[in-house]
Every structure is written in C-alpha cells, then in structure tokens.
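In: here is my input; please provide its structure:
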Amino acid sequence: MDKIKASLILEILGRPVEYVKESLNTVVVKMGSEKGVKILKQQYHEPTLVKDTKDLFTAFAEVDVEFDSISNYLGIVFAYFPSHIEITLPEKITLSNIDLNELGNSLVQRLHNYDAIVKKVMAEREIIAKKLKQVAPELFKQNDVEEKEVMKWSKKKESKKKAKKKSEFKKKSTKKKQL
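Out: Residues are numbered from 1 along each chain as shown. The predicted structure follows:
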C-alpha cells in the first residue's frame, strides 16, 4: 500500500497560556515520534482567550503528516483525536480483507475498552452516591421524592404493558380455540 499523506489540525485548551503552547508542541513532537509517522510540515497558531472566560486559552497546530500504513493513520486518529483530518494522498485507497479485518478488530477493541471504562466509572459513581447518601442524606431528599415519583410512573406504565399483553394473549388463545 502507498504511504498516506494527510493534513491534521490538533487543538489544545487550557491555562495558563504558556502551558497551552508547551502542551501543543509536546503533542506534535510526540505524534512525530510514533512508529510509521513522519511530520512533513507544522504550523503553530498563537493561543487565544476563550470567549466569556478570564484565563482559559485555546491554540491549534496545522500538521502535514505521512503515514506508512492505514493502521498508522488510524492509530494517530484514535490516540490524538485531531479536530480535523484531510487525506491528501493517495486519492484512492485499496484495502485487503486482512487489513480491513485488522482495522475492524482494532476499532472494536477500543470501543470495548471505552465501554469497560464507562461501566467502571458508573459503578464507582454508584458506590460514591450510596456512601454520600449515608453521610449527607439531606442532599438527596429532593431527588428521593423525584425518584419515587418516577418509579411510580414507571410501575404504572409497566403494569399497563403487562395488562395489554395478557389481553392480546387471551384474544389469540380464544381464536385458536375457535378454530
């Protein structure tokens, strides 16, 4: 497969302004040191103050990159999350089923990892919420009322569904008996 050339835009948000500049440079240098990745050109833009903030800055860099393979390209996309990507060469990309399988499996693996992280965070959140309810129950009084109302509504809706299913089942069984 031919090498892939692309233009990427990498953005950083943070404070103070010196940290934003330094971090953006670090990200570009680190990306260029990845296996199968070559930085062809880079242009840094000065940090600007984010609207309606006092000390939050954003900056971006335009980076032209050459990748040895589609795997290297996607690896950078997933690792660095550029805000914009444009493949400039080649105009057409042909993939073998082996390459496509590898890419699909990499994508699925990453999604499974994200899913596991989300599940872990949700479980930790639940544990923390229970402990917080024990320590400061007054914080949850309003939510308990709302939660009970939601549960009542949910149970009513569920019982209506069950009643409807029973009714449909009775109609079907009556028709079968008639035949």
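
In: isn't G32 right next to L40, touching?
Out: No - using C-beta atoms under 8 Å, G32 is not in contact with L40, being 9.7 Å away. Bear in mind the C-beta positions are built from the backbone N, C-alpha and C, glycine included.

In: which neighbours do these two share?
Out: Common contacts of G32 and L40, defined by C-beta atoms under 8 Å, 6 or more residues apart in numbering, comprise V65.

In: list the helices and strands the host helix or strand of G75 packs on?
Out: Using DSSP states H and E, G75 sits in helix 70-80. The helices and strands touching helix 70-80, judged by 3 or more C-beta pairs under 8 Å, 6 or more residues apart in numbering; DSSP states H and E, are strand 4-14, helix 17-32, strand 57-67, helix 97-135.

In: which other helices and strands does the last one contact?
Out: Translated: helix 97-135. Packing partners of helix 97-135 (3+ C-beta pairs under 8 Å, 6+ apart): helix 70-80.

In: tilt between the helix it packs on and strand 57-67?
Out: 170 degrees (axes from the mean of the first three to the mean of the last three C-alpha atoms, to 10 degrees).

In: mind listing what's buried in helix 70-80?
Out: Neighbour-count burial for helix 70-80 flags I70, N72, Y73, L74, G75, I76 (criterion: 16 or more other C-beta atoms under 10 Å).

In: do the same with stretch 124-136
Out: Buried residues in stretch 124-136, counting neighbours by 16+ other C-beta under 10 Å, are absent.
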